[in-house]
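S.K.: Got a sequence here, can you build the structure:
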Amino acid sequence: MLNPKLHYPLDCRLFTELKAHKVVHLKSTPYKNHYRHWYWSFSLARLVSGAGLVFPVPSAAVAQASTEHVEDPDRAEIQLGDAVQYFDDEGIMFGTVAGQVQQNTWLILGNNGVTSTIICNSYRNDTGLALVDNNLMAQPRASTNRVHAQTMCELEFAEGIGAEMALIQMLKKLQQSSLTLGKQRFIWCHKVIFSLCYDWAGTLRQNEVVVKVGNKEHPTEHPRNLTTELDDFFGKFATPFLRQSVNREKLLQALVYAHTKLAWIHPFQDGNGRSIRLFLELVALKWGYRLEWAMVLSGTSSKRFYHYCVGAAIRGQPGKLTTLLNKILIRL
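M.R.: You can find the predicted model right below:
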């Protein structure tokens, strides 16, 4: 989805003189052993380099000379054209760095069309402004959401915030001695993760889904059977898997069984993986262990292997998933 055309320095004469041009010079940043000029493309609604452009090209009045590489996802420097996350009166908001009023004071054009002024010297140290994307590449359009995210990059960032909020809620729940781990707790996991972004958080899906992992397709439970299957699963999960005396071996068996069965049932339209992992984390913590999910989700190849292990378990081969969970199941 194209971002609003107000993704430009608001204190330049964009709407009177520069709006008629296809591209505007926005900033210059280090690139290898020299500087590269970056331009905002009106038609693509993102940054482009000078390749293929027809010169001369107008330059924005506040074109920025940057010191850090625009491609660096971990840079601290705030740059014009960055897609960012911040907070306004509506809560979590996404927008674009559109101008600089003075040193450390930035104009941010929100995806809701409202301009905010943010005082911030960098993306470091929780300063209220977070780098989401450098806007160098076109991004897939985001699905309907509650946080004004327009691209999948922004939406995934918001989901990450939701997951962190869910972790805080989970730790609070663990302080309750009466904590139960049944169907409603599992649905709660989905709701607490995704209620920030979606209206459908905590709602069972209504349509059929086939999940594809690599080159293999995995049919899931029919939606009319979801409630029955979940009730059946949690009845079996509590007994014999989670009796009062649970050792590590028994707990590992329970985690593998739960992950496999819930992945096959696939009760939600989206977000099943995160919900399953949060629920399994609750189970492990209740019995004095933790699951180091970062060990299997830290890179593309690691994620791919993790999904392969889950797919193999669904097909009746739980060995690899057992080995994987065994490595990340750590005693507190």
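
S.K.: Now do the helices in the stretch 51-200 of the chain.
M.R.: Along the stretch 51-200 of the chain, the stretches classed as helices by DSSP state H, counting those that start in this stretch are 152-174, 183-194.

S.K.: Now do the same contact list for Asp270.
M.R.: Contact analysis of Asp270 by CB atoms under 8 Å, 6 or more residues apart in numbering lists nothing. For glycine as for every other residue, the C-beta is placed from the backbone atoms N, C-alpha and C.

S.K.: pLDDT value on Lys320, please?
M.R.: Listed pLDDT for Lys320 reads 96.

S.K.: got the phi/psi numbers for Lys286?
M.R.: phi -60, psi -30 (degrees, to the nearest 10).

S.K.: Which residue lies closest in space to His190, excluding its sequence neighbours?
M.R.: Of all residues not flanking His190 in the chain, Ser275 sits nearest, at 4.0 Å (CB to CB, 6 or more residues apart in numbering).

S.K.: Give me the distance from the helix or strand hosting that neighbour to the chain's centre.
M.R.: Here Ser275 sits within helix 272-286, counting by DSSP states H and E. The chain centroid and the centroid of helix 272-286 are separated by 17 Å under CA atoms, centre = their mean, to the nearest Å.

S.K.: For the stretch 201-332 of the chain, just list every one of the strands.
M.R.: With DSSP state E, counting those that start in this stretch as the criterion, the stretch 201-332 of the chain has strands at 210-213, 216-219, 289-291, 329-331.

S.K.: Paired strands for the third one, with orientation please.
M.R.: Strand 289-291 has the following sheet partners, assigned by DSSP bridges: strand 329-331 (antiparallel).

S.K.: rewinding a little: any idea of the mean pLDDT in the helix holding Ser275?
M.R.: 92.

S.K.: what's around Trp200, how many residues?
M.R.: Trp200: 18 surrounding residues under other CB atoms under 10 Å.

S.K.: actually Ala65, not the one I typed
M.R.: Each residue near Ala65 was counted by other CB under 10 Å, and the total is 8.

S.K.: Make TSV out of the strands of the stretch 201-332 of the chain and add mean pLDDT, distance to Val84 and mean neighbour count.
M.R.: As requested, the strands of the stretch 201-332 of the chain are exported to TSV (pLDDT from 0 to 100; distance: least, CB to CB, whole Å; neighbours: other CB atoms under 10 Å):
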stretch	mean pLDDT	distance to Val84	mean neighbour count
strand 210-213	70	33	14
strand 216-219	72	37	12
strand 289-291	93	32	17
strand 329-331	95	35	12
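
S.K.: residue contacts, Ser275?
M.R.: 186, 189-190, 193, 268.

S.K.: mind checking how far it is from Met170?
M.R.: 12 Å (CB to CB, to the nearest Å).

S.K.: Find the residues that touch each one of the two.
M.R.: In contact with both Ser275 and Met170: Cys189, using CB under 8 Å, 6+ apart.

S.K.: Quick check: the gap between Ser301 and His307.
M.R.: The value you get for Ser301 to His307, if CB to CB is used, is 11 Å.

S.K.: now Gly95
M.R.: Distance of Gly95 to His307, computed by CB to CB: 33 Å.
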